[in-house]
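1. Sequence and predicted structure, then a few things I'm wondering about:
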Amino acid sequence: MKVIVIRAPGGLDRLEVRDLPDPGQPGPGQIRVKLHASSLNFHDLLVANGGFPAADERVLLSDAAGVVEAVGEGVTEFKPGDHVVSVFFPHWADGLPFGSVGNFQGTPGDGIDGYATEVAVRAATDFTLAPRGWSHAEAATITTAGLTAWRALVADGPLKAGESVLVLGSGGVSVAALQIAKAMGASVIATSSSDEKLERLRALGADHLINYRQTPEWGTRVLEITGGRGVDHVLEVGGPGTLAQSIRAVRVGGHIALIGVLTGHAGEVPTTVLMAKQARLQGLIVGSRRLQQEYIAAMEQTGIRPVIDRSFPLEQLAEAFRFQESGRHFGKVVVEI
């Protein structure tokens with residue numbers, strides 16, 4: 001069975017293809033899944049590059065979609081032939097986040113082995129059913145990016161029709177958030193450094209576009225677009241390098257979902273402005289299994305499909321990471337298994 005592991009201390013030149021024994025049949029409460037696709041996230045890239053140190057020879061990737069081949073004793077939720085998608089926090093079934101959800105010790109591809117492999121035998125609760133009619137590549141975008149956008153806007157927002165949303169860039173979370181927001185009747189302001197990507201965001205429904213290279217004070221531009229009010233919700237994926245502008249852009253009493261650290265792990269926060277705005281700044285990491293099921297049900301009703309930029313074979317995982325790292329992608333980068 002082919003797998004890809006990362007050798008400590010990390011680095012894309014430290015990825016190795018291994019041939020490991022087949023994991024066999026599922027035990028009680030487990031399912032055996034033939035994996036067909038994964039999608040790449042910034043968290044996966046951090047692990048691969050050694051930014052989140054993982055155990056030597058850790059099998060990479062947190063997201064996966066495939067087909068159930070067999071079920072163990074006591075499993076009633078799935079049957080052979082079902083299309084399934086993995087869960088980011090297998091131990092977080094429902095409700096509010098708790099202690100161990102504050103780290104990645106139980107997350108595939110980080111604290112435990114992930115899905116850069118052909119077959120997985122895991123607890124049934126490590127998966128949910130995939131959306132009906134979706135390809136495996138499309139389903140593989142749910143685990144991290146899609147669910148993060150859903151939680152930020154719907155579960156934590158909560159987004160209402162007629163409200164406004166600011167999305168930063170054109171990565172997987174931001175594109176998914178744009179699609180969700182438009183489906184729910186919100187207006188969307190989108191930023192990018194690329195006019196070409198901005199036009200693609202417009203085609204997906206973005207109402208207003210800002211090139212942040214041409215307009216470095218884009219928070220002020222958001223205020224202008226909204227008549228001085230600011231937006232109701234901000235999907236903040238940049239972190240310290242963009243947070244000050246996001247705080248400027250949000251309305252008084254608005255909501256900023258802090259979901260990314262693309263510009264670094266620490267920095268100054270304009271606390272006086274945040275206090276004056278009386279805005280809710282909430283950090284979040286993906287979501288529970290129950291939220292994933294709710295998100296999937298919504299996708300089946302809306303007909304939304306994820307945007308996939310490019311697919312790579314599993315053997316070219318390092319090349320896929322390098323493409324992701326370049327920032328040239330729009331939407332998701334997928335690995336076919």
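-> In hand now; what should we look at? Residues are numbered from 1 along each chain as shown.
2. drop to CA atoms for contacts and neighbour counts, all remaining ones
-> Will do.
3. longest helix in the protein, by residue count?
-> Criterion DSSP state H: the longest helix present in the chain is helix 289-302.
4. Averaged pLDDT, that one. What do you get?
-> Helix 289-302 comes out with an average pLDDT of 97.
5. buried stuff in whatever helix or strand comes next after that helix?
-> Per DSSP states H and E, the first helix or strand lying C-terminal to helix 289-302 is strand 308-313. For strand 308-313, the neighbour count (16 or more other Cα atoms under 10 Å) marks 308, 311, 312 as buried.
6. what residues are up against the first one?
-> Applying Cα atoms under 8 Å, 6 or more residues apart in numbering, one finds that residue 308 lies in contact with 138, 330, 331, 332, 333, 334.
7. before we move on, the earlier item: dump the buried residues of strand 308-313 into CSV; add pLDDT as well.
-> Formatted as CSV, those follow (pLDDT from 0 to 100):
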residue, pLDDT
308, 98
311, 97
312, 98
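8. I'd like the residues you listed laid out as TSV, including distance to residue 63.
-> Below are the buried residues of strand 308-313 laid out as TSV (distance: Cα to Cα, whole Å):
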residue	distance to residue 63
308	14
311	14
312	15
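9. for these, which one is nearest residue 286?
-> residue 308 (19.4 Å; Cα to Cα).
10. sorry, back to before: determine which two of the contacts of residue 308 are furthest apart.
-> So, those by Cα to Cα: farthest apart are 138 and 330, at 14.3 Å.
11. In a markdown table: the contacts of residue 308, plus pLDDT, secondary structure and neighbour count.
-> Below are the contacts of residue 308 laid out as a markdown table (pLDDT from 0 to 100; DSSP: H, G, I helix; E, B strand; the rest coil; neighbours: other Cα atoms under 10 Å):
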| residue | pLDDT | secondary structure | neighbour count |
| --- | --- | --- | --- |
| 138 | 98 | helix | 22 |
| 330 | 97 | coil | 20 |
| 331 | 97 | strand | 21 |
| 332 | 98 | strand | 27 |
| 333 | 98 | strand | 24 |
| 334 | 98 | strand | 29 |
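12. in a helix, that's where residue 196 is, yeah?
-> Yes - under DSSP: H, G, I helix; E, B strand; the rest coil, residue 196 falls within a helix.
13. In contact with the most centrally placed residue in the chain, which residues?
-> Taking Cα atoms, centre = their mean, the centroid of the chain lies closest to residue 145, which sits 1.7 Å from it. Going by Cα under 8 Å, 6+ apart, residue 145 touches 41, 172, 173, 176, 286.
14. ok, now residue 95?
-> residue 288.
15. Show the pLDDT at it.
-> For residue 95, the model assigns a pLDDT of 94.
16. Make sure it is indeed in a strand.
-> No - applying three-state DSSP, one finds residue 95 to be coil, outside a strand.
17. Need phi/psi at it.
-> Dihedral pair for residue 95: phi 80, psi -160, per degrees, to the nearest 10.
18. before we move on, what SS does the residue nearest to residue 269 when sequence neighbours are not counted have?
-> Spatially, and ignoring its direct neighbours in sequence, residue 269 is nearest to residue 244 (6.5 Å; Cα to Cα, 6 or more residues apart in numbering). Secondary structure, three-state DSSP: residue 244 is helix.
19. my guess is residue 244 contacts residue 272, does it?
-> No - look at residue 244 against residue 272 with Cα atoms under 8 Å: they stay out of range, at 10.8 Å.
20. and stretch 69-80, average pLDDT?
-> Computed over stretch 69-80, the average pLDDT equals 98.
21. for the protein, which spans come out with low pLDDT?
-> Applying pLDDT under 70 to the chain picks out residues 261-267.
22. how about the nearest residue to the residue sitting furthest away from the middle of it, chain neighbours excluded?
-> Computed with Cα atoms, centre = their mean, the residue of the chain farthest from its C-alpha average is residue 73, at 32.1 Å. Take residue 73 and drop its neighbours on the chain: the residue closest to it by Cα to Cα, 6+ apart is residue 28, 4.4 Å away.
23. Please, which helix or strand holds that neighbour?
-> Judged by DSSP H and E, residue 28 forms part of no helix or strand.
24. Look up how far residue 309 lies from it.
-> Distance, residue 28 to residue 309, using Cα to Cα, to the nearest Å: 39 Å.
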